[in-house]
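[1] Take this sequence and fold it.
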Amino acid sequence: MNKIIIFNFLIFSLLHPQPTEVTFIVDMSQQAVQAGDGDYPAVYVSGGNINGPAGLEMNDNGDGIWSLTTQLNPGSYTYKFRNGYYNYWDGPGWESDQNLIAGGCAYGQYNDRIFTLIANQPMTVGPFCFGSCESNCVNDSIEYTLVWSDEFDSSDIDMSKWSYDVGTGDWGWGNGEAQYYTSNSNNSFIEDGKLIIQALLQNYGGANYTSARMVTKNKGDWRYGRIEVRAKLPAGTGTWPAIWMLPTDYVYGGWPNSGEIDIMEHVGFDPGRIHGTAHTDLYNWFDGSPPPGGSMIVSDFNSEFHDYILEWTENNLKWFVDGNQYFTYTNNNQGWSRWPFDQYFHLLLNIAIGGTWGGEQGIDDSIFPVRLEVDYVRVFEASSQLSSQIERNNVPLRLALGDAYPNPFNHNVIFPITLGTPGIINYTIFDIQGRVIRSGMNRFSEGGKKIIYWDGTNRDGELVSAGTYFFRAANTDISKIKKIVYLK
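    From the prediction side, this is the model:
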């Protein structure tokens with residue numbers, strides 16, 4: 001009898017999903033709120049399955065901010081905010097399609113906003129500036145401070161800043177690429193104050209081509225900032241140069257879960273079209289969902305140097321060429337599956353040859369050698385984020401993570417931490433597949449030796465399975481990882 005009751009309850013739950021709380025927030029500070037066909041000025045959130053077209057009336061919180069908290073069934077929703085009451089689709093009040101498209105937050109046939117609501121996981125949608133992908137309507141300019149650079153003014157490559165990925169990787173570095181990456185001096189070198197990455201028609205390591213892939217991992221890792229790379233690109237069918245970023249610690253798991261940021265990509269069979277792209281768990285070619293991105297034409301890409309720029313904040317990613325913005329990807333506050341870009345990333349520079357995209361129209365062997373020439377790489381961080389370090393006379397926070405004990409453990413484990421100064425420690429526990437099991441934050445009012453405990457439970461308070469796990473502790477400028485084994 002009990003089994004029948006449980007079965008019927010499960011069937012009922014599946015057929016009748018539990019409504020979940022969602023809060024919408026929109027900034028109307030730059031708009032004159034209208035009444036429309038209604039009796040008084042008001043703002044609405046409306047969509048095909050959100051009481052469209054009239055929508056749901058929002059509340060005026062003052063200072064131009066309007067909000068609404070309601071209950072919706074789990075699922076994906078498209079919507080827009082509407083200024084004034086109108087009970088028909090074709091009419092005034094809607095947010096501008098063009099602005100949402102330009103900002104990178106427009107989806108589908110009608111250029112709507114979109115979010116996904118998960119059962120029993122209340123969420124906040126916004127805040128957004130009305131008619132914009134930005135989180136507010138105040139155009140605050142960010143004051144940046146240079147924190148890392150390579151001007152390539154030495155005779156040799158500075159190995160305190162760069163390392164190499166070597167070989168052919170797994171299945172051509174995941175893209176079916178045809179080259180063998182080396183650290184050889186004929187594939188990367190300094191010439192006339194510039195870094196040269198050179199791809200050659202050369203039989204090497206079982207490949208027909210050689211090139212270089214240079215990385216700053218553990219020598220230059222950043223979370224938020226402005227990255228500028230001044231470069232001149234190679235031309236020719238089969239070339240695929242890239243200036244891009246990968247996560248340093250893969251906090252949310254392997255690719256694409258932890259994200260990828262392509263600051264600049266160019267494929268030789270489409271000369272002059274520069275691409276900028278964000279890859280995430282939800283949007284990636286591997287799963288058949290095109291990643292969000294933009295492109296622009298730079299006709300003299302292979303004869304002149306241009307600045308390829310990424311501005312990265314907790315709210316959005318913005319792509320520029322020579323100061324001209326051409327794409328924005330916005331953090332919709334819907335979790336790591338859409339926005340894994342709240343962790344440390346490092347920079348990569350390379351020329352791939354062939355591959356699933358670069359080799360789409362073959363490889364022209366007559367073009368070699370080809371070069372990616374880099375005048376400089378400069379990384380800036382917001383001055384406000386550096387203020388705590390400036391106040392300490394530029395002495396960075398230091399973090400030490402001791403050995404976990406007991407290890408292996410069967411219930412509780414202790415992680416000893418030493419802090420040089422007071423600060424916040426963010427910790428993450430993830431399994432061997434990179435999936436986040438537990439995370440949290442500890443604020444310590446003074447430096448010295450500290451302890452963080454873990455009782456072997458996940459974020460839902462359930463005991464995890466026996467196996468290998470990893471504990472990562474991080475503060476503003478450094479992170480440490482330890483491996484632990486859980487026995488049952």
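
[2] what distance separates stretch 32-51 from the middle of the whole chain?
    In terms of CA atoms, centre = their mean, to the nearest Å, the centre of stretch 32-51 is found 33 Å from the chain centre.

[3] List the buried residues for that stretch?
    Buried residues in stretch 32-51, counting neighbours by 16 or more other CB atoms under 10 Å, are found at 33-34, 36, 42-47, 50. Placement of C-beta: from N, CA and C, glycine included.

[4] Same check on stretch 366-373?
    Along stretch 366-373, the positions that meet the burial threshold by neighbour count (16+ other CB under 10 Å) are 367-368, 370-373.

[5] Strands - which of the buried residues of stretch 32-51 land there?
    Within the buried residues of stretch 32-51, membership in strands is found for 43-46, as judged by DSSP state E.

[6] coming back round to it: which one of the buried residues of stretch 366-373 is nearest residue 101?
    Ranked by distance to residue 101 (CB to CB), the buried residues of stretch 366-373 are led by residue 372 at 31.2 Å.

[7] give me the beta-bridge partners of the closest one?
    Per DSSP bridges, residues listed as beta-bridge partners of residue 372: residue 197.

[8] close enough to count as contact, it and residue 235?
    No - the pair residue 372 / residue 235 is not scored as a contact, 10.9 Å apart, by CB atoms under 8 Å.

[9] what are the ranges of the strands in the stretch 151-300 of the chain?
    When secondary structure is read from DSSP state E, counting those that start in this stretch, the stretch 151-300 of the chain shows strands at 163-165, 179-181, 188-191, 194-204, 207-211, 213-215, 221-222, 225-232, 239-247, 260-265, 273-279, 293-297.

[10] Let me have these in JSON lines, extended by mean pLDDT.
    Shown next, in JSON lines, are the strands of the stretch 151-300 of the chain (pLDDT from 0 to 100):
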{"stretch": "strand 163-165", "mean pLDDT": "96"}
{"stretch": "strand 179-181", "mean pLDDT": "97"}
{"stretch": "strand 188-191", "mean pLDDT": "98"}
{"stretch": "strand 194-204", "mean pLDDT": "98"}
{"stretch": "strand 207-211", "mean pLDDT": "97"}
{"stretch": "strand 213-215", "mean pLDDT": "98"}
{"stretch": "strand 221-222", "mean pLDDT": "90"}
{"stretch": "strand 225-232", "mean pLDDT": "96"}
{"stretch": "strand 239-247", "mean pLDDT": "97"}
{"stretch": "strand 260-265", "mean pLDDT": "97"}
{"stretch": "strand 273-279", "mean pLDDT": "94"}
{"stretch": "strand 293-297", "mean pLDDT": "89"}
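
[11] Okay, now the unreliable bits of the chain?
    Residues of the chain that meet the criterion pLDDT under 70 lie in 1-17, 139-141, 384-399, 432-434, 445, 476-478, 488.

[12] What segments of it are helices?
    Listed in chain order, the helices of the chain (DSSP state H) span 2-15, 97-103, 355-358, 383-391.

[13] Among the buried residues of stretch 366-373, which one sits closest to residue 303?
    Within the buried residues of stretch 366-373, the smallest distance to residue 303 is 10.9 Å, found for residue 373 (CB to CB).

[14] quick one, which of the strands of the stretch 151-300 of the chain is nearest to residue 443?
    The closest approach between residue 443 and any of the strands of the stretch 151-300 of the chain, judged by CB to CB, belongs to strand 221-222 at 23.1 Å.

[15] Hmm, residue 431 is touching residue 466, no?
    No - Residue 431 is beyond contact range of residue 466, at 11.2 Å (criterion: CB under 8 Å).

[16] Tell me how far the residue nearest to residue 341 when sequence neighbours are not counted lies from residue 202.
    Distances taken as CB to CB, 6 or more residues apart in numbering place residue 259 nearest to residue 341, at 5.6 Å, with adjacent residues excluded. Residue 259 sits 33 Å away from residue 202, taking CB to CB, to the nearest Å as the criterion.
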